[in-house]
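# Just need the structure, nothing else, for what follows:
(chains A and B)
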Amino acid sequence: MKNMLKTILMSAALAAGFAMVASAPARAEVVIDINKGVIEPLPIAITDFLGEGLGAEISKIIAADLKRSGLFAPIDKGAFIEKISNPDAAPRFEDWKVINAQALVTGRVSTEGDGRVRAEFRLWDTFGGEQLIGEQFFSNPQNKRRVAHIIADSIYERLTGEKGYFDTRVVFIDESGSKANRTKRLAIMDQDGANIRYLSNGKSIALTPRFSPNRQEITYMSYESGQPQVYLLQIETGQRELVGNFPGMTFAPRFSPDGQKVIMSLLRDDGNSNIFAMDLRSRTTTRLTNSNAIDTSPSYSPDGSQVVFTSDRGGQPQIYAMGADGSGQNRISFGGGSYSTPVWSPRGDLIAFTKQSGGEFQIGVMRTDGSGERILSTGFSQEGPTWAPNGRYLMFFRDSGGGPKLQTIDLTGRNEQTVPSPNYASDPAWSPLLE
Amino acid sequence: MRGSVASSVVLHVALIGFGLISLSSPRPMEVADVEALPVDIVPIEELTQIQEGDKKAPLAEKPAPKPTERPDANPLAQKIGENDIDTETPITPAPTPKPVKTAEATAPAPTPTVKPKPEVVEKPKEEPKPVPATEVAPEPKPKEEVKPEPVKQAEPAPQPQPKPEPVKAEPKPAPVKQPEPKPAEKPAEKVAEAKPVEPDAIAEQITETAAQPAEEAVQLPTSAPAPEARPRPAEAQTAKAPDRKSSEKPVKEASAKPKSDETGSIEDKVSALLNKEKASGGGAKRSTQQAALGGEKNKGGSTLSQSEMDALRGQIQKCWQVPSGAIDAQGLRVSLKMRLTPTGEVEGRPEIVEGGGASGIERAMADSARRAVMRCAPYNLPAEKYETWADVTVNFDPTDMF
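Have a look, this model is predicted:
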């Protein structure tokens, strides 16, 4: 018996030995693990598109979009060696590698027989020596900026791996006039500040506009009827309607992710406010909170299952979360100071907020359970964050003396930029990507 | 009271004054000038990794084993063995130096009968036999020790020659030769030779006297011959040195004599040792020839050292621009395989072997990884290890970055 065991063990050992020998690599191979990289703007060469002046304009818009994202560094055209004469042929990659262009954009704009504009572009990987994208678009000449934004989105998505956000618009409150007699108008513009358009006449104050997630529709608060009420506005038609008919003042409206509901606060005479949701089709309202405190600024999670809001039921305004039906209300923020305007990221991973402490206003983000709070920007007076549709950028408004201006900042806290606007601007709301 | 106050004041003033004068400011810290030492950083692998032989290496023209065969020239040593046999008979004539001690024991007839005529040489031959005798043996040995050394010195040169020669001359010609060189050669040699002759004569006298007293005389002769014996070797040495240079014959004499001093077997051993040394002198030990199947290339034993790997890693890291979409992505990993040319350039297109989906962040990651390795080329890697880094797999994983 012992002998048998011995022979079995021996043979097993032999087999293991053979297996080890057999599995030994025939040739040494170097394996390197790269766990770090650099995060810096990607040098990209954007050549002027061919075609009647319009080409140069479009490539200029693309370059501006990419540059403002902070992730790209468009190379000065003066450094270009090769002049692109045929965007359909492969460029001389060596010429672009020399100027360290890691990506190259070429294109052409032409006018079709029916008056439409045809834009085509190609994105090249200069070091890989291959074409990454080749697309073309048709549009009417008035939409040339949109065409440029769409191309920029396409480039952005291909190179960063994330959805772009350039073909979006921002609705905001345009503030003009003196400080004592300020005119506040509802306005909309492209995310880069162009194509500004006014949606209200400024006779009555409009506040807190919010985009519908899937329609060209805005909900906002207006004093039109004498007391603040929440309205719906169709952007293209200008059609306006009152949301609900509550015996009190309603404010801080926001759409649900499916666009079917509006959630808002209702202030009652006793000074307490509670949160209500209204179904836009059936016009039925649901009460979600019932407290003797001020519950406000509700915001749905992207899947519509949860709502985050602020409440001072604990003394200081803090952020709370609850189910979409009002169940399971629990506090998630525990920092010092007071929190307001929580907004759930379109990606669902973060909640942006305004925090007021020590006489300063801060724009920050935290995880949905309240952990990992990170302040992105601190200023004397700033608030009202809104997410870009890809969940990578925030827009808010800051008053650094004189009047408010819109700012964008990325999630790293770097790359803070002012959005150009003709007048003072506040209360921005970022639209989803246009269809 | 006043007195104590005054003394106190005086003493304090004195103390403070002393302190002010004698306690100077602290010495400035001296910083020694340290010379910078140039330091070369050499990866330990260069020393520890041994070249492997290559089975496909071409045959070397001069294989190493051949030189090792030469020591077989040991036949020379065998010839020495013949010496033993030959010397048995002539031994009697050779052992001149120690006759003093053992005159009695050596009494045996053969030696005297054979070479009484060849001068002094005969009698010393008789003496060596006494050496084996009881008490005498240890004493003369230390003296002899002095001798053998010179003997060795003298012998190495003649070795090859004397061996064959003794065979021829041992019986009678040996003594004959001695006289010949003396007159013919340089004066120095003559002197050297002449001296040994004289002591021999003295030795004879002593031996004669000692021979009669038999064993009792043993002690006397030991003491007496000692001085004699010492000079002899010394003389022999001086004589030998020139001998080597000048001519063979005197050398033969010198070698022949010391041989006779000691027993034949020791002599043979010594010469055998010397022979071996000589033979091995041209043997494999010295050979710096490359082994026949010596390695031409470094193989598995030579991997990239840690520092070289780090350098490569650093180079790629600098080139890798992490796509921003990777910030939140979990378990995002791209593995890429590339083939390098000996100059460190990337050959062809790096192949994505893991990760790199069809859309979104995975594709952007794969693109960024490929761009990184393409952009970093050429890689600065040790050319002699090309075999080991011809194929490189790079794993990109940004998880720890954020």
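
# wait, A:Arg254 sits on A:Lys261?
No. Using CB atoms under 8 Å, A:Arg254 is not in contact with A:Lys261, being 9.4 Å away. All C-beta spots, glycine's among them, are computed from the backbone N, C-alpha and C.

# between these two, which one's more packed in?
Between A:Arg254 and A:Lys261, counted using other CB atoms under 10 Å in any protein chain shown, A:Arg254 has the larger neighbour count: 25 against 22.

# how near is the more buried one to chain B?
24 Å (CB to the nearest CB, to the nearest Å).

# where are the low-confidence patches of the stretch 301-402 of chain B?
Counting by pLDDT under 70, the ranges of the stretch 301-402 of chain B that qualify are B:301-302, B:328, B:402.

# In chain A, what residue comes closest to chain B?
Using CB to the nearest CB, the point where chain A gets nearest to chain B is A:Gly161, with a distance of 3.0 Å.

# I'd say that residue and B:Gly357 touch.
No. Between A:Gly161 and B:Gly357 there is no contact under CB under 8 Å: 9.8 Å.

# Mutual contacts of the two, please.
Taking CB atoms under 8 Å, 6 or more residues apart in numbering or on different chains as the contact rule, A:Gly161 and B:Gly357 both touch B:Arg363.

# who's more crowded, these two?
A direct count of neighbours by other CB under 10 Å for A:Gly161 and B:Gly357 places A:Gly161 higher, at 26 against 15.

# Show me what from the stretch 51-200 of chain B comes close to chain A.
Counting by CB under 8 Å from any CB of the partner chain, no position of the stretch 51-200 of chain B is adjacent to chain A.

# doesn't A:Asp65 fall inside a helix?
Yes. Counting by DSSP: H, G, I helix; E, B strand; the rest coil, A:Asp65 is part of a helix.

# Surely it is in contact with A:Ala194?
No. Using CB under 8 Å, A:Asp65 makes no contact with A:Ala194, being 10.8 Å away.

# the more surrounded of these two?
For A:Asp65 and A:Ala194, the more surrounded residue by other CB under 10 Å is A:Asp65, and the numbers stand at 26 against 13.

# dump the residue contacts of the residue most central in space within chain A.
In chain A, the C-alpha nearest the mean C-alpha coordinate belongs to A:Ala388, at 1.1 Å (CA atoms, centre = their mean). Under the criterion of CB under 8 Å, 6+ apart, the neighbours of A:Ala388 are A:165, A:168, A:191, A:346, A:394-395, A:408, A:430.

# Please repeat the previous calculation with a cut-off of 6 Å.
A:165, A:430 (CB atoms under 6 Å, 6 or more residues apart in numbering or on different chains).

# and the gap between it and A:Gly70?
Distance, A:Ala388 to A:Gly70, using CB to CB, to the nearest Å: 12 Å.

# quick one: the helices in chain A?
A:2-23, A:54-68, A:93-98, A:144-160 (DSSP state H).

# how's chain A carved up into domains?
A:42-160, A:169-430 (automatic domain parsing).

# Over to chain B?
Taken from automatic domain parsing, chain B resolves into B:69-281, B:306-401.

# what mean pLDDT does the first one have?
Pointing back at domain B:69-281 there. Per-residue pLDDT over domain B:69-281 has a mean of 47.

# just stretch A:337-351 next, same as before
90.

# and it, how far from the chain's centre?
13 Å (CA atoms, centre = their mean, to the nearest Å).

# mind listing what's buried in that stretch?
A:337-346, A:350-351 (16 or more other CB atoms under 10 Å in any protein chain shown).

# that older thread, residue contacts, the residue of chain A closest to chain B?
Taking CB under 6 Å, 6+ apart as the contact definition, A:Gly161 lies against B:323, B:325, B:360-361, B:364.

# would you turn those into a markdown table with distance to chain A, secondary structure and neighbour count?
Converted to a markdown table, the contacts of A:Gly161 look like this (distance: CB to the nearest CB, whole Å; DSSP: H, G, I helix; E, B strand; the rest coil; neighbours: other CB atoms under 10 Å in any protein chain shown):
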| residue | distance to chain A | secondary structure | neighbour count |
| --- | --- | --- | --- |
| B:Pro323 | 5 | coil | 29 |
| B:Gly325 | 3 | helix | 26 |
| B:Gly360 | 5 | helix | 17 |
| B:Ile361 | 3 | helix | 21 |
| B:Ala364 | 3 | helix | 27 |
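
# And the furthest pair within those?
B:Pro323 and B:Gly360 (10.0 Å; CB to CB).

# Count the residues that sit near B:Ser305.
18.

# Report the separation between it and A:Gly53.
59 Å.

# which stretches of the stretch 201-350 of chain A aren't confidently modelled?
In the stretch 201-350 of chain A, residues with pLDDT under 70: A:215.

# Strands of that one, start to end?
Using DSSP state E, counting those that start in this stretch, the strands of the stretch 201-350 of chain A run over A:206-211, A:217-222, A:229-234, A:240-242, A:249-255, A:261-267, A:273-279, A:285-287, A:295-300, A:306-311, A:318-323, A:330-331, A:338-344, A:350-357.

# Tell me the strands beside the fourth one, with direction?
By that I understand strand A:240-242. strand A:229-234 (antiparallel) (DSSP bridges).

# give the contact list for B:Ile21.
B:Ile21 touches nothing, counting by CB under 6 Å, 6+ apart.

# Double-check that it belongs to a strand.
No. Assigned with three-state DSSP, B:Ile21 falls outside any strand and is helix.

# Tell me the confidence at it?
85.

# Distance of it relative to chain A?
60 Å.

# hang on, A:Ile44 packs against A:Phe72?
Yes. A:Ile44 lies in contact with A:Phe72 (CB atoms under 6 Å); the separation is 5.0 Å.

# Residues of the stretch 201-350 of chain B that sit close to chain A?
B:300, B:303-304, B:312-313, B:316-317, B:320-325 (CB under 6 Å from any CB of the partner chain).

# tell me, which strand in chain B spans the most residues?
strand B:346-354 (DSSP state E).

# and that strand, which strands flank it?
strand B:334-340 (antiparallel).

# Using neighbour counts, pick out the buried residues of the strand it pairs with.
Under 16+ other CB under 10 Å, the buried positions of strand B:334-340 are B:334-338, B:340.
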